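[1] sharing a sequence plus its predicted fold:
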Amino acid sequence: MVIEQSTLLVIALAPLFGAIVAGLFGRQIGRAGAHTVTILGVAVSCALSFKVLHALVWGGAPVFNQNVYTWFQIGEYAAHVGFLVDRLTAMMMVVVTFVSLLVHVYTIGYMHDDPGYQRFFSYISLFTFSMLMLVMSNNFMQLFFGWEAVGLVSYLLIGFWFKRPTAIFANLKAFLVNRVGDFGFLLGIAGVLYWLGTLDYAEAFAAAPSIADATFSPWGTVVWSVPTFVCICLFIGAMGKSAQVPLHVWLPDSMEGPTPISALIHAATMVTAGIFMVARMSPLFEMSETALSFVLFVGATTAFFTGLIGMVQNDIKRVVAYSTLSQLGYMTVALGVSAYAGAVYHLMTHAFFKALLFLAAGSVIIGMHHEQDMRRMGGLRKYMPVTYLTCLIGTLALVGTPFFSGYYSKDSILLAAEVAAEHGGLVQQYAKWAVLLGVFVTSFYSFRLLYLTFHGEERFRNGDHHGGHGDGDHGHHAHAHEPHESPWVVTLPLVLLAIPSIGIGFLTVGPMLFGDFFVGAIHVQPAHDTLAAVASRVWHAEHGWVSAATGFGLHFVSSPAFWLAFAGFATATWIYLFQPGIADAFRTRLRPLVRILENKYGFDDLYQTVFAGGSLRLGRVFWRGGDAAVIDGVLVDGSASLVDRIAAIVRHIQSGYLYHYALAMIVGLAALLALLIHSLG
C-alpha cells in the first residue's frame, strides 16, 4: 500500500475549499449551505486521514516525503511546499480532523442564532486547513506558514464578536504575545538555514550531527553552543503558541471567543502546535542538555503554577482554560525529559477529553441561557443528564482516573519525570515535585467545577449577580426559563468525544509509549530514554497487550499521583459538596494567597505597566525629543521656515522691469567668463 500525493492534497485542501465557499459565498448559500460545505470538507479530510493512518500502521506503507512544488529558490537555497507523512504526522492529522469535525457539528447548535454564522464556519474550517499544513509540512518554511496561519485565524476567532471591547483586547493580546514567541521561532529557523544550509527536515536532521559541538560568539566574548541557541529559539516559538510561562497570558483571555473555537484552540490546533514542533525537532533537541533543561523548567513551572490559578476561577470556561495551561505544562515536561512520545501521546488523549470538557461547558452555557459564572449554577445534573455524564467522564480522564485515557498518558509523564530526577540535578528534582503536586491541584479544580455546576443548591433561582459573563451580547439577568438539555447537534459530539476519553489510552498505550509506533519520527539518545526505564517498571508486554495495559492500570495502587488525585477529589468533595458554606471562609482566611492567584501573579499588570506602558512612555520621549523636536521642529518646520525666509529676501529681486533682468544676465555672464578665464589661466 502506498500513500498517494493526491490523497494528501485533498486532506489539506478540502477544509480550505469549504472555508472559501462559506466565506465568499455565505449569503448565496445560506446557513445550511455554509455548515454543509465546511462539514463535508472536514469530514472528507478526516476520513482520508484515517485511511492514511491505517496505511502506515497496518498497510505497510512507507513514509511519504515529497515536495509538491518549489516555493522559491535563491541561489543554492530553496523552499518547497511538500508533505512529510509518518506515523507522528498521521496521528496528528486524525486528531486534528476528528476533533474539528465534531466541533463543526457542535457549532450548528451553539451558533444557531448568531448573525455571523457563515463567517464562523469559514474561520474554523480555515483553522483546520492551517493546522494541517503545519503538521504535514516537510520543511521549516511551510511549518512557519502554518504556524503564522493558525495565529492569524485564532486572532480572527478570538475577536469574532468584534463589537465587544474585551474580545478585541483579547485577540490583540494573543496576537502580540505570539509575535514575541514567533520572533524567537524565526531566529531558530534562520539558525537552521545558516548552520545546516537547508530548510528541509530530512536534510537538516541528517546534517545535525555536524554542528553538535559547534559554537559561536555573537559579541566576541560569550561563547554559545549552536544547538543550544537554535533549540532555545525554536522553543521560544513553542512557548508562545503552546502558552508556556511567561508567554501564557493570552490563552485564558482567548475565552472571549465562542466556545467551539475555545475547544478547537485548546484541544487540537493552535496550542498543540508547539508540542508537536518540539517532538518533530527531537534530533536537534537531543544534542543540547541545556535546551532540554530549559524546556523542563518552563514546563514544570507552567504545569503547577497555572493550575493553582484555576482553583480560584469562577467562570466555567476559564477553569477549563487554566486546566489546558497546566496540561500543556505536563506535555512540555515530557519533552524536557526526552519523553517525546509521552508528550504527543498526552497531546492525543488530552485533545479528546479537553474538547469534551470545553464543549460540555458550552452546553451548560446554552442550557443556562448564556450564563458562565459557576456561582449562579448548581443542581444542573437533573436538567442536563447527557451533559453531566459526559462532563463527568471528561473530568475523570483529566484527573488521571485509572483505566481512563488521561491516566495512561499523564502517569507515564509523571514516571518519566521521576526517572529523570533520579539521575538529574535541581531542575529535574523541581520538575518531579511540580508535576506531582500539580496532580492534587488538577483534581481539586476539576471536581470543584463539577460540583459547583451540577450538584448542590440550584443557585440560578436566587437572581444573585456575581459578575459572570456569557457568550455573545447577552445581558446578565436572572434566568427567565428553566435550564434545559442541549439539542442533539450539541450532545452527539459530547458522546462521541466521551468514547475515546474512556478507552483510547488503554488501546494505544503499548505501541505509542513503549512500542515502535514513533520509530523513525522521534529520535532519542539511549542515555536520555526515560520511557524505556518507565516501561521496565510498569509495562510487561510478554503477557500480551491487554494484560500489560491492565497491569499498568493497576499500578495506581502504588502510585503517589493517584493518592494525590484522590486527596484533591476528597478535599473538593468535602468543601463543595458536603460543607459548601466553608468555601467562603477558606477564601477569607487565605485572602492574600487568593488575591495573588486572582491577580494571576501580576503578569498582566507587569506587561501592562512595564512593557506596554514603558513602550508608550518611551514613545512619548522619542516623540518629544526626536519626532517633535528634530523631525517636525528642524527638518519639517525648520526647512519650511528657511525656505520662507529665503523667499522673502529673493522676492525683492523680482522687480518686473526688463532692464533689471537684462543687467542681471550680463553681470552673470561676465562672472562666468571671469571664472572660466581664471580656471584656464
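    Happy to help now that I have it.
[2] need the contact list for the residue most central in space within the chain.
    Nearest to the geometric centre of the chain sits residue 271, at 1.8 Å (CA atoms, centre = their mean). Shown in contact with residue 271 (CB atoms under 8 Å, 6 or more residues apart in numbering): 241-243, 251, 265, 324, 328. In this view, the C-beta of every residue, glycine as well, is placed from N, C-alpha and C.
[3] could I get the residues you listed as JSON lines with secondary structure, neighbour count and pLDDT?
    Output for the contacts of residue 271, formatted as JSON lines (DSSP: H, G, I helix; E, B strand; the rest coil; neighbours: other CB atoms under 10 Å; pLDDT from 0 to 100):
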{"residue": "241", "secondary structure": "helix", "neighbour count": "28", "pLDDT": "91"}
{"residue": "242", "secondary structure": "coil", "neighbour count": "32", "pLDDT": "91"}
{"residue": "243", "secondary structure": "coil", "neighbour count": "30", "pLDDT": "88"}
{"residue": "251", "secondary structure": "helix", "neighbour count": "26", "pLDDT": "89"}
{"residue": "265", "secondary structure": "helix", "neighbour count": "27", "pLDDT": "87"}
{"residue": "324", "secondary structure": "helix", "neighbour count": "27", "pLDDT": "93"}
{"residue": "328", "secondary structure": "helix", "neighbour count": "31", "pLDDT": "95"}
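[4] which one of those is nearest residue 399?
    For the contacts of residue 271, the minimum distance to residue 399 (CB to CB) is 14.4 Å, reached by residue 324.
[5] before we move on, back to that, just name the closest of the contacts of residue 271 to residue 639, please.
    Taking CB to CB as the measure, residue 639 sits nearest to residue 241 out of these, at 47.5 Å.
[6] and the residue nearest to the centre of the chain, what helix or strand is that in?
    For residue 271, the host element (DSSP states H and E) is helix 270-280.
[7] over to residue 73?
    Secondary-structure assignment from DSSP H and E places residue 73 in strand 64-74.
[8] can you verify my assumption that residue 504 contacts residue 350?
    No - applying CB atoms under 8 Å, one finds residue 504 not in contact with residue 350, separated by 10.7 Å.
[9] list the buried residues for the strand or helix carrying residue 563?
    Assigned by DSSP H and E, residue 563 belongs to helix 560-573. For helix 560-573, burial by neighbour count (16 or more other CB atoms under 10 Å) applies to 561-562, 564-566, 568-569, 572-573.
[10] one more: stretch 306-319?
    306-319.
[11] for this protein, which element, helix or strand, carries the lowest mean pLDDT?
    Ranking every helix and strand in the chain by mean pLDDT, DSSP states H and E puts helix 613-622 at the bottom, with a mean of 75.
[12] can you give me the helices for the stretch 451-600 of the chain?
    488-509, 530-538, 545-554, 560-573, 582-589, 591-598 (DSSP state H, counting those that start in this stretch).
[13] quick check: phi and psi at residue 213.
    phi -110, psi 10 (degrees, to the nearest 10).
[14] how close does it get to residue 286?
    Residue 213 is 14 Å from residue 286, where distance means CB to CB, to the nearest Å.
[15] mind checking which of these two has more residues around it?
    The residue with more neighbours, out of residue 213 and residue 286, is residue 286; 22 against 10, by other CB atoms under 10 Å.
[16] relative to residue 516, how far out is the closest residue in space to the more buried one that isn't next to it in sequence?
    Excluding the flanking residues, the one nearest residue 286 by CB to CB, 6 or more residues apart in numbering is residue 525, at 5.1 Å. Residue 525 sits 17 Å away from residue 516, going by CB to CB.
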